[in-house]
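In: only geometry, no sequence info:
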């Protein structure tokens, strides 16, 4: 038996934020990131709508990019003091992911972070609050997923938390928020969305329910991402919807080793944090070549290629798909290798074996279409560092 879970309500379109006026409740905590939502006036709008709904609201602000365990615990403590019946998170993936994890510790103060690292091991939520998510970026789709990524900086590890309990109750996908994204963020989040859809389509847990969502998302990203990156707001709106479709697909089909690698390299190097979408964009073509050695996976990558107008044998379609992704990375100013990104070679060599081991143990590896050993993962990561061919 398999399961397919989405938010109960998804409101979308320009001005969808106004739906907050109709929310029923008494108290809400609004979880926010670094301040852009305030600067662009969206926080004031939300507070006004919630006031109209008769809901008292407190802010938890300044959730950092790649939120930490400490931030999560601080937010949960604030929630326990205030006692909200709604947790509302607005912004990029970071505040929404952080708020999801806060939700657990708000409702279950005695639970430890270690207890929820194991996928699908969460206690039953909605004992005290429901969850509403409002994304401002077009990539993570955390507003519709059963996932949250939290970083333990002491260990230098990103943990993808997974449980259908943390799928939001309500998502508001208002493209006006996405209009504020700078170009680089548009590029990274767009390639994150493409990776989500491609990995969901080839995942071992793909299904007739997830495949149409994944394919439609891929087609929309291919159609709209370059124009969105170049500032076209009509394309930006379509990208906001495309990433949400991709999220619905991967939340139910799960992901693969592109994400395993991105999770375990993002915070691993002293020469600079690798933004999640950028890491995915770098790794995606290499992983496709690795996975396509499996005949079933090769056929599914070929189906993706054909859905965006590429033609040829399965093997030719896989090559053309990788070439297309490489071309998009060039258009979006995303480097081709970790070396080009600026990761120090000596540090890479020193850490790659351990990173490979951690990546194989990542929650996303289990649904990858081709099995991988730590040694193969080390080889694959080395290919992504130097830009060498994947021939194993």
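Out: Yep, it's here. All values reported here derive from a predicted model rather than from experimental measurement.

In: care to break this protein down by domain?
Out: 9-178, 183-386 (automatic domain parsing).

In: could these go into a markdown table alongside distance to residue 1?
Out: All C-beta atoms are positioned from the backbone trio N, CA, C, and that covers glycine. A markdown table is the format used below for the domains of the chain (distance: least, C-beta to C-beta, whole Å):
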| stretch | distance to residue 1 |
| --- | --- |
| domain 9-178 | 13 |
| domain 183-386 | 12 |
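
In: of those domains, which is nearest residue 392?
Out: Among the domains of the chain, domain 183-386 comes nearest to residue 392, with 5.8 Å by C-beta to C-beta.

In: so how far does the closest one reach from one end to the other?
Out: 26 Å (C-alpha to C-alpha, to the nearest Å).

In: and that domain, what's its mean pLDDT?
Out: The average pLDDT for domain 183-386 rounds to 97.

In: include distance to residue 392 and mean neighbour count when you put the domains of the chain into JSON lines, please.
Out: Formatted as JSON lines, these follow (distance: least, C-beta to C-beta, whole Å; neighbours: other C-beta atoms under 10 Å):
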{"stretch": "domain 9-178", "distance to residue 392": "26", "mean neighbour count": "20"}
{"stretch": "domain 183-386", "distance to residue 392": "6", "mean neighbour count": "21"}
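
In: can I assume residue 131 sits in a strand?
Out: Yes - remark: residue 131 belongs to a strand, assigned using DSSP: H, G, I helix; E, B strand; the rest coil.

In: got the contact list for the closest residue to it other than its chain neighbours?
Out: Distances taken as C-beta to C-beta, 6 or more residues apart in numbering place residue 168 nearest to residue 131, at 4.6 Å, with adjacent residues excluded. Counting by C-beta atoms under 8 Å, 6 or more residues apart in numbering, residue 168 makes contact with 7, 100, 131, 132, 133, 143, 144.

In: check the closest residue in space to residue 82 that isn't next to it in sequence and give its pLDDT.
Out: Nearest in space to residue 82, with sequence neighbours left out and distances taken as C-beta to C-beta, 6+ apart, is residue 58 at 5.3 Å. pLDDT recorded at residue 58 is 98.

In: contacts only, for the residue sitting furthest away from the middle of the chain.
Out: Distance from the C-alpha centroid of the chain peaks at residue 54, with 32.6 Å (C-alpha atoms, centre = their mean). Contact partners of residue 54, counting by C-beta under 8 Å, 6+ apart, are residue 26.

In: ditto for residue 142
Out: Residue 142 touches 93, 96, 97, 100, 133, 135, 148, 247, counting by C-beta under 8 Å, 6+ apart.

In: ok, those residues vs residue 195, which is closest?
Out: residue 247 (11.6 Å).

In: so that closest one is in contact with residue 146, correct?
Out: No - using C-beta atoms under 8 Å, residue 247 is not in contact with residue 146; the gap is 9.9 Å.

In: helix, strand or coil: sort out the residue farthest from the centre of the chain for me.
Out: Reduced to three states by three-state DSSP, residue 54 is coil.

In: if I look at it, how far off is residue 132?
Out: 16 Å (C-beta to C-beta, to the nearest Å).

In: with residue 117 instead?
Out: 25 Å.

In: one more: residue 315?
Out: From residue 315 to residue 132 the distance is 46 Å (C-beta to C-beta).

In: equivalent analysis for residue 362, please.
Out: 29 Å.

In: ok, residue 325 next?
Out: Distance from residue 325 to residue 132, by C-beta to C-beta: 34 Å.

In: strands of the stretch 1-150 of the chain, residue ranges please.
Out: For the stretch 1-150 of the chain, the strands defined by DSSP state E, counting those that start in this stretch occupy 9-12, 27-31, 56-60, 86-91, 130-135, 147-152.

In: likewise the stretch 151-300 of the chain?
Out: All strands of the stretch 151-300 of the chain, identified by DSSP E, counting those that start in this stretch, fall at 157-162, 170-173.

In: pairing partners for the shortest one, with directions?
Out: It stands for strand 170-173. strand 9-12 (parallel), strand 130-135 (parallel) (DSSP bridges).
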